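1. from the sequence below, what's the structure:
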Amino acid sequence: MHRERTSVGETRKRRAVVAALMLAMALAALDATVIATAVPQIVGDLGGFSVFSWLFSGYLLAVTVTIPVYGRLSDTFGRKPVLVAGMALFLLGSVLCSFAWNMAALIAFRVVQGLGGGAIQGTVQTLAADLYPLQQRPKIQAKLSTVWAASALAGPAIGGLIATYADWRFIFLVNVPIGVLALLLLIRHLHEPVRERGPRGRTDWAGALTVFACGGVILTGLVQGGVAWPWLSIPSLTLFGTGLLLAAAVVLIERRAPEPVIPGWVWRRRTIAAVNLSLGALGLLMVAPTVFLPTYAQSVLQLSPTAAGFVLSAMILSWPVSAALSQHVYTRIGFRNTAMIGITVAGLTLLAFPLLPYPGQAWQPALLMLLLGAALGLFQLPLIIGVQSTVGWAERGTTTASVLFYRQIGQTVGAALFGAVANGVLTARLGGAGDLDSVARSLTHPGPDADVLRRAVDAAVERVYLGGACAALLALLALLFLAPRRFPVLPQDAPPPRHDAPAPTPSAD
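-> This is a model prediction of the structure:
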């Protein structure tokens with residue numbers, strides 16, 4: 001009877017921890033998009049229209065370049081202190097954003113938010129793997145994927161409502177009660193096992209700072225190239241040249257460091273290297289539906305922003321369902337084969353997009369997005385669960401962070417690459433300089449040349465989807481030629497327990 005009560009209590013506390021992880025994930029996803037529709041109010045209050053894009057880019061850069069650093073720190077000091085510190089930093093940035101007095105201050109405080117968001121993204125995924133055995137991980141990972149997707153999609157609507165009926169500063173203050181609740185749940189209910197207390201290696205702060213600087217410089221060049229300045233201009237060449245020098249410095253520092261932030265085994269192990277490349281290609285692929293489909297829906301199909309959001313949300317409906325059911329596939333045919341089926345279907349779906357009629361009906365791209373979500377759920381989740389199951393507790397944070405880092409890099413590269421492709425198509429079609437944003441804005445007030453503009457947007461988005469299909473092919477080739485047929489799953493991936501306090505996995509008790 002006592003054992004049953006203990007089991008029920010542990011289950012309740014574990015659910016409390018899962019609720020905290022879902023709240024934390026929602027905050028990180030929401031803040032990536034929540035200010036999109038509030039920009040006019042923010043610019044009208046603070047000014048700084050010429051640099052407002054850094055409200056998004058600054059947050060993205062800070063999240064991306066800190067993920068591998070936090071992954072290594074979580075393997076060294078434990079998940080809980082890293083996640084608690086990251087959430088506290090995120091909430092501090094949120095409060096500071098609400099008190100910003102000009103655009104420069106708001107951008108700086110968004111970077112502070114991003115520094116905390118990097119800890120949230122990587123550590124939440126790692127803790128989910130720590131808390132549940134292999135057989136139960138698809139359920140928790142599917143829940144986290146659903147929360148992430150729903151929050152990212154709901155962000156613009158929530159931000160617009162707050163900015164319209166209240167004040168844009170409340171967009172950031174809303175984070176505080178939710179974040180505090182998540183923090184309290186984590187502090188009270190999450191207790192990691194006691195690890196073997198031996199000599200701890202020196203933290204590689206030099207490597208961490210160099211990785212941060214290198215990633216920041218290169219990603220700045222990718223985000224701003226072709227937007228703030230031409231690709232072959234002095235600013236672009238300077239940033240990419242500096243990035244290459246810093247990348248060389250990273251290699252030298254990490255090779256000499258006893259406990260490197262990005263250890264060499266991340267790329268020497270075939271499984272991890274293949275998953276990194278595959279999910280980097282997924283980041284490229286995801287740019288097509290998430291960035292360009294809303295513009296297509298509004299410009300070509302002439303849908304309202306809300307209706308355009310519903311077209312994209314079809315992918316969000318099928319993704320978590322497919323991910324949750326993927327365990328029934330990979331337990332039979334393996335992680336690699338399951339992911340290969342998923343990415344093949346995703347590539348064929350992307351190839352089908354240019355075959356849609358012009359202008360077409362909204363249900364047609366929505367149906368393709370429903371199929372794409374199902375395919376990607378079958379692709380991404382088995383790879384994340386599979387690669388997490390090939391390493392022990394002491395390497396899981398670094399491995400998970402590596403996977404998420406390369407997916408973020410893929411998204412950033414994809415936004416720059418496919419943006420250039422789309423703008424190039426528009427320039428060729430319209431016989432002069434033009435970009436997708438300006439053409440889409442001009443279609444809000446249709447003129448006599450509206451059909452020409454819509455056909456140009458249609459052609460540009462079709463090329464982007466073809467590029468996404470090429471990214472799917474790259475992911476398939478990485479799995480086919482690099483990943484082992486069977487992932488070397490460990491029988492028990494747990495932190496080394498103390499002799500007087502054995503505890504195989506983190507628990508919520």
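
2. in the chain, which residue is most central in space?
-> For the chain, the residue sitting closest to the mean C-alpha position, by C-alpha atoms, centre = their mean, is residue 408 at 5.5 Å.

3. helix or strand for that one, which one?
-> Secondary-structure assignment from DSSP states H and E places residue 408 in helix 393-430.

4. same for that helix, what does it pack against?
-> Here helix 393-430 is seen to pack against helix 54-77, helix 103-131, helix 205-224, helix 265-268, helix 270-287, helix 363-388, helix 436-442, helix 450-481 when contacts are counted using 3 or more C-beta pairs under 8 Å, 6 or more residues apart in numbering; DSSP states H and E. C-beta: built from backbone N, CA, C; applies to glycine.

5. can you put these in a markdown table and add mean neighbour count?
-> Formatted as a markdown table, the entries for these read as follows, by neighbours: other C-beta atoms under 10 Å:
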| stretch | mean neighbour count |
| --- | --- |
| helix 54-77 | 25 |
| helix 103-131 | 25 |
| helix 205-224 | 20 |
| helix 265-268 | 14 |
| helix 270-287 | 24 |
| helix 363-388 | 24 |
| helix 436-442 | 16 |
| helix 450-481 | 20 |
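
6. right, and those - which one's nearest residue 354?
-> With C-beta to C-beta as the criterion, residue 354 lies closest to helix 450-481 of the helices and strands packed on helix 393-430, at 4.1 Å.

7. what is the burial count for residue 244?
-> Other residues within reach of residue 244 by the criterion other C-beta atoms under 10 Å amount to 13.

8. is it true that residue 139 touches residue 324?
-> Yes - proximity of residue 139 to residue 324 meets the contact threshold set by C-beta atoms under 8 Å, at 6.1 Å.

9. of the two, who's got more company?
-> Ranked by neighbour count (other C-beta under 10 Å), residue 139 and residue 324 place residue 324 first, with 19 against 15.

10. report the contact partners of the more buried one.
-> By C-beta atoms under 8 Å, 6 or more residues apart in numbering, the residues touching residue 324 are 138-139, 142, 377.

11. does it sit in a helix or strand, and which one?
-> helix 305-325.

12. from the chain's centre, how far out does that helix sit?
-> In this view, helix 305-325 has its centroid 16 Å away from the chain centroid, taken as C-alpha atoms, centre = their mean, to the nearest Å.

13. okay, angle between that helix and helix 270-287 too, please.
-> Our comparison of helix 305-325 with helix 270-287, counting by axes from the mean of the first three to the mean of the last three C-alpha atoms, to 10 degrees, yields an angle of 160 degrees.

14. residue ranges with poor pLDDT in the stretch 201-350 of the chain?
-> Filtered on pLDDT under 70, the stretch 201-350 of the chain yields the residue ranges 201-203, 226-228, 305-306.

15. show me the shaky parts of this protein.
-> Regions of the chain meeting the criterion pLDDT under 70 cover residues 1-10, 36-37, 49-50, 153, 156, 193-203, 226-228, 305-306, 432-448, 492-509.

16. one more time with 50, if that's ok
-> Residues of the chain meeting the criterion pLDDT under 50: 1-6, 196-199, 493-509.

17. right, and the residue nearest to the centre of the chain touches residue 68 too?
-> No - between residue 408 and residue 68 no contact is recorded; they are 10.1 Å apart, counting by C-beta under 8 Å.

18. domain assignment for this structure?
-> Structural domains annotated on the chain: 1-193, 205-258, 265-489, as defined by automatic domain parsing.

19. quick one: end-to-end length of the longest one, please.
-> Domain 265-489 has an end-to-end distance of 16 Å (criterion: C-alpha to C-alpha, to the nearest Å).

20. now swap in stretch 250-264 and tell me
-> 12 Å.

21. list the buried residues of it.
-> Taking 16 or more other C-beta atoms under 10 Å as the neighbour-count basis, stretch 250-264 is seen to contain the buried residues 250, 253-254, 257, 260-263.

22. from those residues, which is closest to residue 184?
-> Residue 184 lies nearest to residue 261 out of these, by C-beta to C-beta, at 30.5 Å.

23. where does that closest one sit: helix, strand or coil?
-> Assigned state for residue 261: coil (three-state reduction, DSSP: H, G, I helix; E, B strand; the rest coil).

24. test my guess that it contacts residue 211.
-> Yes - with contact defined as C-beta under 8 Å, residue 261 reaches residue 211; the gap is 5.6 Å.

25. mutual contacts of these two, please.
-> 68-69.

26. hmm, back to that, contacting residues for the residue nearest to the centre of the chain?
-> Residues in contact with residue 408 (C-beta under 8 Å, 6+ apart) are 60, 63-64, 67, 283.

27. for residue 47, grab phi and psi.
-> When quoted as degrees, to the nearest 10, the phi and psi of residue 47 stand at phi 80, psi -160.
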